[in-house]
Every structure is written in structure tokens, then in C-alpha cells.
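Asker: Predicted model and sequence follow; I will ask about them next.
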Amino acid sequence: MTDLSQALAPARPRLAGRLKLALCIFALMAAVPPLAHALGEPFLIVVATRMMVFAIAALSLDLILGYGAMVSFGHAAYLGFGAYAVAVLSRAGIDDLFLHLLAGIAASAVFAALTGAISLRTRGVYFIMITLAFGQMAFFFFVSFSTLGGDDGVALTARSTVLGMPLLQGAQGMFYVTLALLVLVFAGLYRLTLSRFGRVLTGTRESALRMQAIGFRPFPYQLTAYVIAGCLCSIAGVLLANQAIYVSPAYMSWHRSGEMIVMLVLGGIGSLTGAMVGGLVTIALEEGLARYSEHWRLGFGLILVLVALFSPGGLSGLLRRLGLGRDAT
Amino acid sequence: MTAPLLSVQNLSKSYGALKVTQDVSLDVREGRIHAIIGPNGAGKTTLISQLSGQLRPDSGRVVYDGRDITRLDMAGRVRLGLARSFQLTTLLPGFTALENVALAVQAREGSSFRFLRPAATEGALNDQAMACLADVGLADRARSQAGSLSHGEKRQLELAVALATRPRLLLLDEPLAGTGHEEAARLIAMFGGLKDRVTMVLIEHDMNAVFALADTVSVLVYGRIVASGSPAEVRADARVRAAYLGEEAA
Ligand SMILES: Nc1ncnc2c1ncn2[C@@H]1O[C@H](COP(=O)(O)OP(=O)(O)OP(=O)(O)O)[C@@H](O)[C@H]1O
Ligand SMILES: [Mg+2]
């Protein structure tokens, strides 16, 4: 037998590269607040916070879309569950961030388990359509929720507190809490995708037939991933509500769901780092281009087409080819 | 006489007007190699797919170890020890050879609802997977992506994955097709050595392999078994010569 330890040394060299890229991004983001102050543009902190919120959302979608090949077109619903958890609880006098997170996660878990169990009976384009339908159901549920502002949404009186402290009140506090959660979500997903569970999920993506032929029934694993993705996305929802101090059904419209898929395509699917890059860049472009022209979507579309044409691995694939986060081999 | 490990009873299946399996019955006893031969398109792969649970027969029964498994799905049958290799390789192309096999080990050993520990660091998974790779002569390719292996190597990996499920009955669909002369000889020797532990249903066009390994040979033509017996009997059978071996000689 050949030397086992040598055969296993770096289990997947590819991983080291993407981890490096992720660390660079975290370091870069951490430097934003002092930089923004130095530049006299504190508004950048707010923009960067929004970027990271959607990076979390995109990461959660990457788990099911990138690793599980489950193309959900209703993922924005979970942004809504997180956001409305903040609105409902703070109205009831509960302001704690952890309870808000817990409520958003719990609601998402229930919704994802129910709708996922049904959606996963279908494949391909039917899966896309049925997740879209469930997403729209959640959307219209909150639209008709008149005590919470219905269509118009509802303004929050204040941001969530952390153990009684108004940690999120300032832009900087809001920023670093978001960054911390982004790092946590990334690290958790990174481990998960390498775990036994992650292998089953990825294996099913590559060949469901092969998985059955070695004794796996993919459904429970896919459903679990679907629930985890929903729960993680609700964290982004809680943060979004806090950042805007406002909650509206627009967070969970199908446009948002579509935009999240665009983020993944832009950044690169199935590597986590790509999803993060996609989420960050999409919002940065959205905010940046919107300043120059109301037709900014045109410019964004153009960029997307260019990436799709010239860099199949998305922006993260491009960065890798440029030497950033290149394979160690 | 002991009951057969696998008993196929009056199995039939049609694709529209095409009867791919016609009233097939056969018994496979534990510790034997039962070869199924027949011309291209005879319905051999379709038969294996019904035995492995990938396809449902229209009628008939499949009894394994005294238990009716006709309605059991593929994963359920694998857990009972009934594994198959595919004629058209069905591997996970983005996984390394070792990861392909380790996943099969993982399927039967411990829960896969483990979320944090990297599977690549599980020595027990890797050691067993490596042993299976060594059995088929693929140890030196452990770290290569399955998608980048040569055709013959994919066939070997296909076998390593099937072995990693620790089968009691192994359904082999043309395991030698596409392998080089040396690998084929190695695999034939391996099947011979496995015989004590694993019962096999072997579909193979390589007649040397069939006659060297098989205890029983069944001949399938147009979905129907036209002859069954020891290799010597089947070789002597006039209908077989006409229907199949004759074609080969011609
Ligand atoms: N899904 C399907 N739909 C319709 N016809 C099919 C289907 N699968 C197989 N067939 C037909 O059934 C017949 C038997 O096919 P099968 O693959 O079982 O043959 P085989 O004996 O394995 O052949 P080979 O030696 O070429 O592997 C063929 O005529 C084939 O065209
Ligand atoms: Mg065949």
C-alpha cells in the first residue's frame, strides 16, 4: 500500500486557497470603519454593513444551491422571517438580539422544514417554481399583515440590544456585530461542507444514483441542508431590519430571491468564498452605480454578462486565476 | 440443500412493446459466481437494474436471503448487502478516488449527520477506503479526481466503491470492459479470491473470464433465459451455440 499519510496530506489543496481569500476579505472589511472615518465618509460604514448582510444571505443560499444543487427561488422569505422576528418581538417589548435571532431562526426552521419537505419531492425547474410559490406565499402573508404595516412595512423604534446594551445603536457597533456574524456563518459553513454531512450533500449533487448505490437516501440530508440554509439566512434578515431600522415585505419579494441567485453567479457557485464575494460586490455595485445613474441596473447587467462570458467560476474564480487565493499545489 | 441467497422468480419488464425481461427465473447460491451472458441488447443491464432496485419489474419477485425485496429501494438493498457496479461508470467526478470510496464506507459506518469534523481527518474512513483501492490496484491514484481517471481506472474505482459497501452479493455489470489486459487479469484473480466471502452475479462479454470464474452460466437472449447450467453444459448447448456463441465464432 502506498504511504497513506502522504496520500492524505492536504486533503484538498483547493480549499487552502479559498480560505486565504476569505481571510483577506475579513481583514479588508475590518479596516473599513477606521478608513471611512479617515476619509471623512462615515456613510461607507453603512454601505459596508449592508454588503456584509447580503454576503451572509448569499452564503446561506450557496449551501443549498452551490453544494446541494437545489436552486431555490424563494430564499428571500427567510430574510423576511428574520426581519419580522425583530419587528414582532420589539413591539412586544422584547429587544434582545439573541432572542430576535432565536425567533427568526425558529420561524425559518419551521417554514423551511414544511415547504422543503414538499419542494424536495420535485426536481429541476419544478423545484425552482415551487420554492418561488412558497416564497410568494410568505411575502403575501406579511403584505396582508396590517398590524405590521402591511404593504408599507413598519419602522422600528430602536435597534436590538445585546444583553441589555445598545451595542448596535451606532453605525460602528452595527458594523462589527455584522462582521462577527459573517465570520461565524462562513466558518460554520466551511466546516460543514467538509464534514460527513457535507460530503453526502455534495455527493448527491454530483450523482444521486451513485449515492443510492452506496446506500444513501438523499432526502433527509437535502432537507436538513434546506433548513440550515433558511435559518442562516434569517440571521441576515435580523441584521437587515436592524441596519435599516425598518421592516417591509419588500425584503422577501421574488426580486430579492432572484438577486441572491445573481450574487452567487457573479461571485462563483459552490465555494462559499464566491458567494461572499458575490454578495459584497453586488450590493457595492448597487449602491455605487445607483449614485451615478438611475439606470444602474443596465450597468450591473453588463458586468454580469461579462463575468458569465469570461469567468465561468465567477469573480472568485477570476481572483484565483489572478493569483489571489491560488491553489497551494 | 440450502436455500439460495438470491431467488429471482418470473421477472418481467417491458418498455412499451419491447419485452426486455421475459419471465426470468434464476437462483444464485451463496458463495457462487453466477454468470449471465448474452448478445448486446439482450436485457442484461436491465435485469441487473431490477435486482439492484434501480428499476421496478412489471411482475415477478426478487427474494434475497429469504426476504421479498421486490419493493425495496436501491439504498435499502445496499444496506442488506446487495451492491452493484455500473456498466456505465457512475462515480462522483469532483471527488478524489479515495473520497469516492470513503463515502461508501461512511454510508455503512456511523451517522452521516455529523456537521463539524472534516471527513478527510477520519482515519477509519480513509484506511478502509485505501484498502479497497489497493484491492483493485488503484492505491497510487487515491488522490486523483475520479473525473480525471482513465476509462480502465474508472472501472477499477467502480469496483472499489462496490466492495467498500461490504457486499454479501455483488452484481457486476461488465466489470472488465475497457480495462487493459493486465488489469483484467488482476481483477479476474481478485474475483476468484473474493468468492469465499462474496456471492457474485457476473455479466461479462469476456468468455475466458466467464468460463474461468463461473459456477453457473445463464444465457439471456431477447430478455429470456434460453439456457442455464455449468460452463461445460452451456458451452455444449446447441441453442446457445446458435444464439450466442455461434455469433461470436462467426
Ligand atoms: N429506458 C429504456 N427505454 C426503452 N428501451 C430501453 C431502455 N433501457 C434499455 N432499453 C432497451 O432494452 C434492451 C435491453 O437493454 P440492456 O441495456 O438491458 O441490454 P444489455 O444486455 O445490457 O446490452 P449490452 O450488452 O449492450 O450492455 C435494449 O434493446 C435497449 O435498447
Ligand atoms: Mg448492458
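Answerer: Thanks, I have it. Predicted model only: the values in this text are computed from it and were never measured. Ligands and ions are numbered 1, 2, ... in the order given.
Asker: Map the structural domains onto the sequence of chain B.
Answerer: Domain assignment for chain B, taken from automatic domain parsing, gives B:1-81+B:167-250, B:90-166.
Asker: which of those sits most buried?
Answerer: Each of the domains of chain B was scored by mean neighbour count; the highest is domain B:90-166, a mean of 21, by mean count of other C-beta atoms under 10 Å in any protein chain shown. For the C-beta atoms, the positions are set from N, CA and C on the backbone; glycine is no exception.
Asker: That domain near chain A at all?
Answerer: Yes. Using C-beta under 8 Å from any C-beta of the partner chain, domain B:90-166 comes into contact with chain A via B:90-96, B:98-99, B:102-104, B:106-108, B:110-122, B:126-127, B:130-131, B:134, B:139-140, B:142-143, B:161, B:164-165.
Asker: Is the residue in chain B positioned nearest to ligand 2 in a helix, a strand, or coil?
Answerer: With C-beta to the ion, the shortest gap between chain B and ligand 2 falls at residue B:45, namely 3.1 Å. Secondary structure, DSSP: H, G, I helix; E, B strand; the rest coil: residue B:45 is helix.
Asker: Could I get the contacting residues of it?
Answerer: By C-beta atoms under 8 Å, 6 or more residues apart in numbering or on different chains, residue B:45 lies in contact with B:87, B:173, B:203.
Asker: Give the members of those residues that are also in contact with ligand 1.
Answerer: Counting by C-beta under 6 Å from any ligand atom, residue B:87 from the contacts of residue B:45 sit close to ligand 1.
Asker: And the helices in chain B?
Answerer: Secondary structure of chain B by DSSP state H: the helices cover B:44-52, B:74-79, B:97-108, B:123-135, B:151-164, B:181-194, B:207-213, B:231-236, B:238-240, B:246-249.
Asker: Can you flag the weakest of the ones you listed by average pLDDT?
Answerer: For the helices of chain B, mean pLDDT drops lowest on helix B:246-249, to a mean of 50.
Asker: any chance you could read off phi and psi for the residue sitting furthest away from the middle of chain B?
Answerer: Centroid-distance maximum for chain B: residue B:116 at 34.5 Å, with C-alpha atoms, centre = their mean. Here is the backbone geometry of residue B:116 (degrees, to the nearest 10): phi -110, psi -40.
Asker: Give me the pLDDT value at residue A:320.
Answerer: pLDDT, read off for residue A:320, is 76.
Asker: Just confirm it is within a strand.
Answerer: No. Counting by three-state DSSP, residue A:320 falls outside a strand, being helix.
Asker: distance of it from residue A:243?
Answerer: 31 Å (C-beta to C-beta, to the nearest Å).
Asker: and residue 195, what does it touch?
Answerer: Reading this off chain A. B:114, B:115, B:116, B:117, B:118, B:119.
Asker: hm, I was asking about chain B
Answerer: Residue B:195 touches B:31, B:32, B:33, B:213, counting by C-beta under 8 Å, 6+ apart.
Asker: same question, residue B:12
Answerer: B:19, B:21, B:22, B:23, B:24, B:57, B:58, B:59, B:60.
Asker: what does residue A:315 give?
Answerer: With the criterion set at C-beta under 8 Å, 6+ apart, residue A:315 makes contact with A:266, A:267, A:268, A:274, A:277, A:278, A:281, A:307.
Asker: What about residue A:103, how many residues nearby?
Answerer: Burial of residue A:103 is recorded as 20 neighbouring residues (other C-beta atoms under 10 Å in any protein chain shown).
Asker: if we can go back for a sec, out of the domains of chain B, which is closest to residue A:76?
Answerer: Closest to residue A:76 of the domains of chain B, according to C-beta to C-beta: domain B:90-166, at 25.0 Å.
Asker: Dead centre of chain A: give me the residue that sits there.
Answerer: Closest-to-mean residue, chain A, C-alpha atoms, centre = their mean: residue A:57 / 1.7 Å.
Asker: Could you check which helix or strand contains that residue?
Answerer: helix A:43-62 (DSSP states H and E).
Asker: hang on, residue A:233 packs against residue A:60?
Answerer: Yes. Here residue A:233 reaches residue A:60: they are 4.1 Å apart, a contact under C-beta atoms under 8 Å.
Asker: which of these two has more neighbours?
Answerer: Neighbour tally, residue A:233 and residue A:60, criterion other C-beta under 10 Å: the higher count belongs to residue A:233, 32 against 28.
Asker: now chain A, which segments are flagged as low pLDDT?
Answerer: Counting by pLDDT under 70, chain A contains low-confidence residues at A:1-16, A:323-329.
Asker: residue ranges for the strands of the stretch 201-329 of chain A, please.
Answerer: Assigned strands in the stretch 201-329 of chain A, in chain order: A:246-247 (criterion: DSSP state E, counting those that start in this stretch).
Asker: can you count the residues close to the residue of it found nearest ligand 1?
Answerer: Nearest residue of the stretch 201-329 of chain A to ligand 1: residue A:209, at 13.6 Å (C-beta to the nearest ligand atom). Neighbour count for residue A:209, taken as other C-beta under 10 Å: 11.
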